[in-house]
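> sequence? don't have it. structure:
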């Protein structure tokens, strides 16, 4: 029987700089397909990069290419690559002055 899980990796994060921000680590053991729901309510474009790790604590590496989400945009991205642990990195090239970023991983497994 299929099962679905939903976890936030960014929860109303108020980015106000151009630093790289790491999202919460997502346990991905029982899930193959992930849909990433992005609510970019910042007043700047945010660049997101999927990252993966075998143990969830170190040796993180990029999965696929980074992608930009325009200011004040709600959108999604899918990922069918399997790794035991995943997270996102968020970076803005210009410092936002208002808004926040919320991102969910919706996971599907059998």
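Yep, that arrived. None of these values were measured; they are calculated from a predicted model. Residues are numbered from 1 along each chain as shown.
> what helices and strands are in contact with the host helix or strand of residue 90?
Element membership for residue 90 (DSSP states H and E) is strand 85-91. When contacts are defined as 3 or more C-beta pairs under 8 Å, 6 or more residues apart in numbering; DSSP states H and E, strand 85-91 sits against strand 3-13, strand 21-22, strand 26-27, strand 46-53, strand 101-109. Just so you know, the C-beta spots here come from the backbone N, C-alpha and C atoms, and that holds for glycine as well.
> okay, which residue is most central for the chain?
What sits nearest the mean C-alpha location of the chain, by C-alpha atoms, centre = their mean, is residue 88, with 3.7 Å.
> who are the contact partners of that residue?
Applying C-beta atoms under 8 Å, 6 or more residues apart in numbering to residue 88 gives the contacts 9, 10, 22, 23, 36, 48, 49, 50, 51, 103.
> what does stretch 47-56 rub up against?
So stretch 47-56 is contacted by 22, 25, 27, 36, 38, 59-64, 66-69, 77, 79, 81, 83-93, 103 (C-beta under 8 Å, 6+ apart).
> among those, which ones are buried?
Burial by neighbour count, judged by 16 or more other C-beta atoms under 10 Å, picks out 25, 36, 38, 60, 69, 77, 79, 83, 85-92, 103 from those.
> so where is the chain shaky, pLDDT-wise?
Along the chain, the model assigns pLDDT under 70 to residues 1-2, 33, 110.
> re earlier: to the chain's geometric centre, what's the distance from the strand holding residue 90?
Centroid separation between strand 85-91 and its chain, computed with C-alpha atoms, centre = their mean, to the nearest Å, is 5 Å.
> so it versus strand 46-53, what angle?
150 degrees (axes from the mean of the first three to the mean of the last three C-alpha atoms, to 10 degrees).
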